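J.: Give the three-dimensional model of this entry:
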Amino acid sequence: MRYVHGSAWWAVGLCLLAGCPKGDKVVDSPGLADAGEYEPDEPAEDGPDAGATPQRDERPNTGKSSDKPSSPAAASDAGTAQPSPAGSKTDKPNTPNGGNTGDKPSTPNAPSAPAVQAGEQRFFLPTPEPTNTTFPHLTRDAKGGTHALYPRYAGGGAFYAYCAKAECGAADWAPVRLDTEGSVTNAALALTADGKPRVLLSTLLHVYYAQCDASCTESRNWTTSVIVDHQGAQDVTGQALALDPQGRPRFVMHTYLAYLGVGQKTPRTWFAQCDANCNEPSSWRSDEISDFILYGSQLVYDSTGRAHLLTGVENADGKTAGFKQAAYFECQSGCESTDAWFGLGLVPLYENGIKEIPVSLSLALTRRNSPRIALLARDDTFQPHLMYLECDENCVEDNWRVSTLNDSMKLGPGIDLELDSQDRPRFAFTLEDNIGLYTCNDASCAANGANWILNKVEFANDLPPDSIILWWNCTIDVWVLHSPSLALTASGGAQVAYVATDLSGGFSVVDPMKPRCDPGKDMTLTRMTSLPSYK
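T.: Numbers count the residues shown, from 1 in each chain. Just a heads-up that it's a prediction; the model follows:
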């Protein structure tokens, strides 16, 4: 694998974040002030948003569950306390928000946005039984149906769901559970040309491959098999699964990444592939393609069979373990060979372990197979920058254009880029615990003066807070939204799935005879917004 990180383009990448002189390839889109400076529109109590956001007693997939982050959600759904085992943290009466003493933090800032459109829908993606879910991925098939994959928060398994309609509401989804041994740390979804789902599930011990060819909302039609038994030595991160033009699965796997390099095993990345009978482990082969760890990868095949790979190269300079550089690779054929991959370093990637922000990057291809990229980059002071990159040809050389859209410190985890039928970019992202959608309709959206439009998907404070908090002396309840996945509809709308995490906390002691509030997650769910249109 040939990885060029000392080229003129690499210098441009560093300059881009440090501040480049006029005339360089850096484009700051005019008309987009720092989105964090705007205040959200307050939803009317009886306005259109009131019918779009379900109250907590309407949630289909919350409930008391052994794999919940913290408090059981069933108490919120039923409006009554649920008993807990004696001696446990929840062995106490509920503390409703009505006991708030005024220490609730102020409403977070968010990008301003138009009022809710008629036809917008917001809901939690269902599960067959009440459970916590996380990190969704959406994709649409050629017939207009939407496929979703969202893992359980803990306890093993993931849910696949399908909606055949152009605009999907909560009742239109039919979920099925795909079981694994151990919690799923990464889930990837790909579709064959005729819309058959293929799934890759990674746990701390195994990699699972699951497939279905008909009636995929029925569990008996799925086969799920362990194809790699790595026992913690390897990992799959990012949307690293792709199907070639013949519908054959391929994915990228790497050495398990140790935190800050402590006890790190030899860095390696493998290209895994299967041509037939892919639920049999013996049908898979894996070949080493790099002596770097390529982290958070997204693999895409174009119509000619060429592979495109966007990834984060861990410790690219051999000195800074724990920091990654964005890189773009291509492979024309024979991708099991190291020499078949050619790559180019782009920019340093932003991540923040304290704020739970992993590397966030996304790749899409135009109808002419030209790459488009959205990512969170970092500057030399380790601040985030939301960027869009485009290249039309010879993209493993210095032919990229860049637009910096946002440098707010309140940018959050997750980016998902899609191109519409005219190759115009749209990507969902996180800002201040809210979900937004950037769009651009210009011929070149990385050109000087490109017009990027910011759309509201959902603000965290639009969700009603928990009416019941199950922890002693906790009086605050807030929602945090992050990690979006985007699917565009043929009618000009968008569907966005993301994680909604319910947090409880408090600063005052309501009952001094009880333990102080222990802030943390009450539950984490997968939420969906369906937009009939956007700007």
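J.: measure stretch 189-209 end to end?
T.: The first residue of stretch 189-209 is 10 Å away from its last residue (C-alpha to C-alpha, to the nearest Å).
J.: Tell me the buried residues in stretch 247-254?
T.: By neighbour count with 16 or more other C-beta atoms under 10 Å, stretch 247-254 contains the buried residues Arg248, Pro249, Arg250, Phe251, Val252, Met253, His254. Every residue, glycine included, has its C-beta placed from N, CA and C.
J.: for stretch 207-217, same thing?
T.: Using 16+ other C-beta under 10 Å as the test for burial, stretch 207-217 gives Val207, Tyr208, Tyr209, Ala210, Gln211, Cys212, Cys216, Thr217.
J.: From those residues, pick the one nearest Arg268.
T.: Arg268 lies nearest to Val207 out of these, by C-beta to C-beta, at 15.0 Å.
J.: I'd assumed Ile227 was in contact with that closest one.
T.: Yes. Val207 is in contact with Ile227 according to C-beta atoms under 8 Å; the separation is 5.7 Å.
J.: Output the buried residues of stretch 207-217 as TSV; include the columns distance to Ala377 and secondary structure.
T.: Below are those laid out as TSV (distance: C-beta to C-beta, whole Å; DSSP: H, G, I helix; E, B strand; the rest coil):
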residue	distance to Ala377	secondary structure
Val207	29	strand
Tyr208	33	strand
Tyr209	33	strand
Ala210	34	strand
Gln211	36	strand
Cys212	38	strand
Cys216	38	coil
Thr217	39	coil
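J.: which stretches of the stretch 51-200 of the chain have low pLDDT?
T.: Within the stretch 51-200 of the chain, the segments meeting pLDDT under 70 span 51-118.
J.: same check, this time on the chain
T.: Where the chain drops to pLDDT under 70, the residues are 1-118.
J.: try it again with 80
T.: 1-119, 166, 260-261, 318-321, 466-468, 470, 507-508 (pLDDT under 80).
J.: hey, where'd the helices end up in it?
T.: For the chain, the helices defined by DSSP state H cover 8-18, 48-52, 74-78.
J.: Please enumerate the strands of the stretch 401-535 of the chain.
T.: 411-419, 425-431, 434-440, 452-458, 468-469, 476-488, 494-505, 520-531 (DSSP state E, counting those that start in this stretch).
J.: To Phe123, which of these lies closest?
T.: Nearest to Phe123, of those and by C-beta to C-beta, is strand 520-531 at 5.7 Å.
J.: That closest one pairs with which strands?
T.: Note on strand 520-531: by DSSP bridges, its sheet partners are strand 121-124 (antiparallel), strand 494-505 (antiparallel).
J.: re the thing from before, switch the strands of the stretch 401-535 of the chain over to JSON lines; also include mean neighbour count.
T.: Below are the strands of the stretch 401-535 of the chain laid out as JSON lines (neighbours: other C-beta atoms under 10 Å):
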{"stretch": "strand 411-419", "mean neighbour count": "23"}
{"stretch": "strand 425-431", "mean neighbour count": "26"}
{"stretch": "strand 434-440", "mean neighbour count": "24"}
{"stretch": "strand 452-458", "mean neighbour count": "22"}
{"stretch": "strand 468-469", "mean neighbour count": "25"}
{"stretch": "strand 476-488", "mean neighbour count": "23"}
{"stretch": "strand 494-505", "mean neighbour count": "24"}
{"stretch": "strand 520-531", "mean neighbour count": "23"}
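J.: can you put the ones you listed in a markdown table and add distance to Leu309?
T.: Shown next, in a markdown table, are those (distance: least, C-beta to C-beta, whole Å):
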| stretch | distance to Leu309 |
| --- | --- |
| strand 411-419 | 15 |
| strand 425-431 | 19 |
| strand 434-440 | 24 |
| strand 452-458 | 26 |
| strand 468-469 | 45 |
| strand 476-488 | 19 |
| strand 494-505 | 24 |
| strand 520-531 | 27 |
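J.: Which one of these lies nearest to Glu390?
T.: So among the strands of the stretch 401-535 of the chain, strand 425-431 is nearest, using C-beta to C-beta, at 7.9 Å.
J.: Return the distance of the closest one from the chain's centre.
T.: Centroid separation between strand 425-431 and its chain, computed with C-alpha atoms, centre = their mean, to the nearest Å, is 10 Å.
J.: What strands flank it, and is each parallel or antiparallel?
T.: Here strand 425-431 has these sheet partners by DSSP bridges: strand 411-419 (antiparallel), strand 434-440 (antiparallel).
J.: burial count for Phe123?
T.: 22 (other C-beta atoms under 10 Å).
J.: tally of neighbours for the residue lying closest to it once chain neighbours are set aside?
T.: Spatially, and ignoring its direct neighbours in sequence, Phe123 is nearest to Ala170 (3.7 Å; C-beta to C-beta, 6 or more residues apart in numbering). Ala170 has 19 neighbouring residues, counting by other C-beta under 10 Å.
J.: Same question for Gly334.
T.: Using other C-beta under 10 Å as the criterion, Gly334 is surrounded by 10 other residues.
J.: Report the separation between the residue lying closest to it once chain neighbours are set aside and Gly505.
T.: Among residues not flanking Gly334 along the chain, Ala340 sits closest, at 4.7 Å (C-beta to C-beta, 6+ apart). As for Ala340, its distance to Gly505 is 52 Å (criterion: C-beta to C-beta, to the nearest Å).
J.: do Ala316 as well
T.: 38 Å.
J.: one step back: count the residues that sit near the residue nearest to Gly334.
T.: Ala340: 19 neighbours (other C-beta under 10 Å).
J.: pretty sure Ser408 is touching Leu431, no?
T.: Yes. Taking contacts as C-beta under 8 Å, Ser408 lies within contact range of Leu431: 6.4 Å.
J.: Serialize the strands paired with strand 520-531 to CSV and add fields for distance to Ala307.
T.: Below are the strands paired with strand 520-531 laid out as CSV (distance: least, C-beta to C-beta, whole Å):
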stretch, distance to Ala307
strand 121-124, 36
strand 494-505, 26
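J.: closest to Thr269 out of the ones you listed?
T.: strand 494-505 (27.1 Å).
J.: Relative to the whole chain's centre, how far out is that closest one?
T.: How far strand 494-505 lies from its chain's middle: 11 Å, per C-alpha atoms, centre = their mean.
J.: same thing with stretch 429-443?
T.: With C-alpha atoms, centre = their mean, you get 14 Å for stretch 429-443.
J.: ends of it, how far apart?
T.: Note: stretch 429-443 ends 22 Å apart using C-alpha to C-alpha.
J.: Could I get the contacting residues of Thr489?
T.: Arg140, Gly144, Ala166, Glu167, Gln495 (C-beta atoms under 8 Å, 6 or more residues apart in numbering).
J.: And for Asn455?
T.: Ala113, Gly436, Leu437, Tyr438, Thr439, Leu531, Tyr534, Lys535.
J.: Over to Glu288?
T.: Arg268, Thr269, Trp270, Thr338.
J.: Dump the residues you listed to TSV, plus neighbour count.
T.: Below are the contacts of Glu288 laid out as TSV (neighbours: other C-beta under 10 Å):
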residue	neighbour count
Arg268	17
Thr269	25
Trp270	21
Thr338	15
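J.: wait, isn't the residue nearest to Gly334 in contact with Ser333?
T.: Yes. With contacts counted by C-beta under 8 Å, Ala340 reaches Ser333, the gap being 6.8 Å.
J.: just to revisit the earlier point, of all the strands of the stretch 401-535 of the chain, which one comes closest to Tyr150?
T.: strand 520-531 (4.3 Å).
J.: Would you mind getting the angle between the closest one and strand 452-458?
T.: 120 degrees (axes from the mean of the first three to the mean of the last three C-alpha atoms, to 10 degrees).
J.: And for Ala272, the neighbour number?
T.: Applying other C-beta under 10 Å, we find 23 residues neighbouring Ala272.
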